[in-house]
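> model this:
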Amino acid sequence: MLFMARTTYRWTPERLAHRLFPVTVVVGWWLAWASPPGEALRQWILATVPNQLILPIGLLTATLLITWGTIAFFHRLDETGKPAFLARYKIQTPFSDPLRPTPAQAALNIGINHLILVPSIGIAAALLYLRGWDPTAPMGPLWWTLLVVVGMALITELAFFSAHYWLHTKWLYKHVHKVHHRYRTSTAWSAQYAHPFEYVMGNIVPIGLPMVLLAPDPLTIVAFGIVALLNTQLVHSGYQLPFAPWSVPHDLHHYRVTVNYGSMGIMDRLFRTRMLRLPAGKDVLMGEEGAAAPEEQAAK
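Now for the predicted structure:
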């Protein structure tokens, strides 16, 4: 049986203010730790937690809180439509995705991937220590922290686009990446629902690579991790929130498969794979169970 979904995209042009959301997160993070209570907490952590565990604990804690917190929030929003002032920002109407995994299936998959994340963070920390990285270093000036985060984001854009494009090659799409594309309409559950190989190459490596290459202080690393995780969850949320409207391009990726491979749009513009709107009047093929939809055939 071939499922069809007639979809209306509630598109709002992006503005500069929307792009300031990640900057706001980093600035808020910096101000919190630069305050007297933040500095007192940092000193307590340094005196209590072994140096080798500071970064792994920080990154793992941020990952678990952001992942499961956003999943719980957006799942409730999907199921109840509350709060209503956010429900109206749903990207697709009506919401229809009959082949997507159940929450229980998604939770199991994400849990397995998070088990893989634990040793991966340990490996990244070990590589940093081999470089002589100092886990006790304080944050630098705000301008420097912002500059480093921007540099890390650009490295991630290049790495994620490359890995994602690679995952769309014939064999890898069929045997690996198609697991993630079981979601034709993205939700917060879908952000980290992936084959374990993809989770390592497409999620962990693009975010971990700039951390190891630039090796900033641990608070800046965690700040970047928070921004990257929030971005991942928001672009898969299925909502074009006023402060995060860039979820539409990735939602279109889940529909059309062969567009919008990157996270920031820079590489997609260079390779002409950027799409910001669904062509008017087109139905979206949801695919046949056990078979590929026409858009997937193009990806192969």
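> Could you list the low-pLDDT ranges of the chain?
1-19, 93-97, 245, 277-300 (pLDDT under 70).
> Let me see the ranges of the helices in it.
With DSSP state H, the ranges of helices along the chain come out as 16-34, 36-48, 51-80, 84-87, 103-130, 142-167, 170-175, 196-198, 205-214, 218-235, 247-256, 266-270, 294-299.
> so which of the ones you listed comes closest to residue 183?
Nearest of the helices of the chain to residue 183, taken as Cβ to Cβ: helix 247-256 at 5.9 Å. Quick note: C-beta positions are derived from backbone N, CA and C, even for glycine.
> Run the angle between that closest one and helix 142-167 for me.
Interaxial angle, helix 247-256 versus helix 142-167 (axes from the mean of the first three to the mean of the last three Cα atoms, to 10 degrees): 10 degrees.
> Counting by contacts, list what helix 247-256 packs against.
On a contact count with 3 or more Cβ pairs under 8 Å, 6 or more residues apart in numbering; DSSP states H and E, helix 247-256 meets helix 218-235.
> if we go to 10 Å?
With contacts defined as 3 or more Cβ pairs under 10 Å, 6 or more residues apart in numbering; DSSP states H and E, helix 247-256 has these neighbours: strand 8-9, helix 218-235, strand 284-288, helix 294-299.
> Run the angle between the second one and helix 36-48 for me.
Here helix 218-235 points in a direction 110 degrees away from that of helix 36-48 (the same axes, to 10 degrees).
> Run the chain-centre distance for helix 218-235.
Here helix 218-235 is found 8 Å from its chain centre; the criterion is Cα atoms, centre = their mean, to the nearest Å.
> Mind putting the helices of the chain into JSON lines with mean neighbour count?
Converted to JSON lines, the helices of the chain look like this (neighbours: other Cβ atoms under 10 Å):
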{"stretch": "helix 16-34", "mean neighbour count": "15"}
{"stretch": "helix 36-48", "mean neighbour count": "11"}
{"stretch": "helix 51-80", "mean neighbour count": "16"}
{"stretch": "helix 84-87", "mean neighbour count": "12"}
{"stretch": "helix 103-130", "mean neighbour count": "16"}
{"stretch": "helix 142-167", "mean neighbour count": "18"}
{"stretch": "helix 170-175", "mean neighbour count": "13"}
{"stretch": "helix 196-198", "mean neighbour count": "17"}
{"stretch": "helix 205-214", "mean neighbour count": "20"}
{"stretch": "helix 218-235", "mean neighbour count": "23"}
{"stretch": "helix 247-256", "mean neighbour count": "22"}
{"stretch": "helix 266-270", "mean neighbour count": "16"}
{"stretch": "helix 294-299", "mean neighbour count": "15"}
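> I'd like these laid out as CSV, including distance to residue 187.
Below are the helices of the chain laid out as CSV (distance: least, Cβ to Cβ, whole Å):
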stretch, distance to residue 187
helix 16-34, 20
helix 36-48, 34
helix 51-80, 6
helix 84-87, 13
helix 103-130, 9
helix 142-167, 19
helix 170-175, 21
helix 196-198, 18
helix 205-214, 21
helix 218-235, 10
helix 247-256, 10
helix 266-270, 22
helix 294-299, 19
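> Compare those helices and give me the one nearest residue 186.
Between residue 186 and these, the shortest gap by Cβ to Cβ is with helix 247-256, which sits at 4.9 Å.
> ok, now which ones touch the residue minimising distance to the centre of the chain?
Geometric centre of the chain, nearest residue: residue 232, 1.5 Å, by Cα atoms, centre = their mean. By Cβ atoms under 10 Å, 6 or more residues apart in numbering, the contact set of residue 232 is 66, 67, 70, 160, 188, 191, 192, 203, 207, 250, 263.
> State the distance from the residue of the chain positioned farthest from its centre to residue 136.
What lies farthest from the middle of the chain is residue 47; by Cα atoms, centre = their mean that is 32.6 Å. Distance, residue 47 to residue 136, by Cβ to Cβ, to the nearest Å: 10 Å.
> This completes my enquiry, with thanks.
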